[in-house]
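Undergrad: one predicted model, sequence on top.
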Amino acid sequence: MIDNAHYLARYWHMLNDGRMQCDLCPRDCKLHEGQRGACFVRMREGDQMILTTYGRSSGFCIDPIEKKPLNHFYPGSSVLSFGTAGCNLACKFCQNWDISKSKDMDQLMDQASPIAIATAAAEHHCKSVAFTYNDPVIFAEYAMDVADACHERGIKTVAVTAGYMHEIPRRDFYTKMDAANVDLKAFTEDFYYKLTGSQLQPVLDTLTYLKHETDVWFEITTLLIPGKNDSDEEITAMCQWIKKELGADVPLHFSAFHPDYKMPDIPSTPKATLVRAREIGMREGLHYVYTGNVHNLKGDTTFCPDCKAPLIVRDWYQIHQYHLTSDGCCPDCKTPIAGRFDPVAEHFGRRRIPIIIGAYA
């Protein structure tokens, strides 16, 4: 049994006026006694900060790794996915808002120790464990402890995140991660300020840090919202920045929005918008550009950036063809394909398997 109510959190300091400042993310929440940060889960208790969701989850499910989405991280493998509650962003279009904006889940969530999660993943033959559904940045200490338990059992770890965090916790956090999918929600400060309550630059800092200072495999996802971040000009500028600052080999996923949360009147993203965005990305020199949340066989498939041969043919999350060599190259022209690959792809497919962790406690 985890006494999560008294789990001590890191990344804070006391101010001269007696308030406590959280140093985890750029919100820099300043707390009086008993107050919680904007994420709702990091709280001041006396002269300490506690993480109220340590050891608790909103649910566990075994997914295909492509659902994270990660197309170049052990394709076809299964991943044990879970999240907690709360978020440090305020996205008006959040598609997991029932979890990320929850303020009453502390007593409802299943208890799960790091060892129990790692044990469950091993017994279900999962290649990795993903911190997802809500942003793992806000439960960084819990995620890092789970990562340690997973690595002891040879299990990889994946962060699905908006990348909104400060430098020191960023360094500590990604030391424990094997892969990440980072949401680059748009490419303007105006969008970030008005629709997420945050800033663009810290996310760009996370991406450049991942590329230049870590060995973490990462991919990028952008949810295209009609009339908000889907112009040719903005998509072009973003792809040019990725090519220049991160390189052509970083996979980019353009995903379809559907009306939700505080934006119910915005229409769903047309498939044609995603196809157009993918064409822009390829035109700007990115090697691997995908479409998501729509049925698009071409947009699901990994092509050789040199000879253009289809190497990993996907239909949604199902792999139909896998033509990489044992060392991760195109069999036709021998071009190395960026990513982390096994000699033979697994075939977990489109299944989604909810599990209960309590049995592994």
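TA: All right, it came through fine.
Undergrad: roughly how far apart are the nearest residue to Pro354 once chain neighbours are set aside and Gly18?
TA: Leaving aside its chain neighbours, Pro354 sits nearest to Cys61 (5.0 Å; criterion: C-beta to C-beta, 6 or more residues apart in numbering). Every C-beta, even on glycine, is put in place using the N, C-alpha and C of the backbone. Taking C-beta to C-beta, to the nearest Å as the measure, Cys61 falls 43 Å from Gly18.
Undergrad: the more surrounded of the two?
TA: Relative neighbour count places Cys61 above the other of Cys61 and Gly18, with 17 against 9, counting by other C-beta atoms under 10 Å.
Undergrad: wait, isn't the more buried one in contact with Phe82?
TA: Yes. The criterion here is C-beta atoms under 8 Å, and Cys61 meets it with Phe82 at 7.5 Å.
Undergrad: if we can go back for a sec, so what's the residue nearest to Pro354 up against?
TA: Leu80, Ser81, Phe82, Arg352, Ile353, Pro354, Ile355 (C-beta atoms under 8 Å, 6 or more residues apart in numbering).
Undergrad: of these, closest to Thr52?
TA: Phe82 (16.5 Å; C-beta to C-beta).
Undergrad: quick one, phi psi at that closest one?
TA: Torsion angles at Phe82 (phi, psi; degrees, to the nearest 10) stand at phi -160, psi 160.
Undergrad: which strand residues bridge it?
TA: Phe60, Phe131 (DSSP bridges).
Undergrad: tell me the SS of the closest residue to Asp300 other than its chain neighbours?
TA: Of all residues not flanking Asp300 in the chain, Arg314 sits nearest, at 3.9 Å (C-beta to C-beta, 6+ apart). With DSSP: H, G, I helix; E, B strand; the rest coil as the basis, Arg314 sits in strand.
Undergrad: what residues are up against Arg314?
TA: Neighbours of Arg314 in contact, by C-beta under 8 Å, 6+ apart: Glu66, Asn71, Leu297, Asp300, Thr301, Thr302, His320.
Undergrad: ok now stretch 154-174, how far from the chain's centre?
TA: For stretch 154-174, the gap between its own C-alpha mean and the chain's C-alpha mean amounts to 9 Å (C-alpha atoms, centre = their mean, to the nearest Å).
Undergrad: which of the residues in that stretch are buried?
TA: For stretch 154-174, burial by neighbour count (16 or more other C-beta atoms under 10 Å) applies to 155-166, 169-170, 173-174.
Undergrad: among those residues, which ones are in strands?
TA: Lys156, Thr157, Val158, Ala159, Val160, Thr161 (DSSP state E).
Undergrad: for the third one, give the beta-bridge partners.
TA: It refers to Val158. Beta-bridge partners of Val158, as defined by DSSP bridges: Ala130, Ala179.
Undergrad: thought Ser128 was touching it, still the case?
TA: Yes. Counting by C-beta under 8 Å, Ser128 is a contact partner of Val158 at 5.2 Å.
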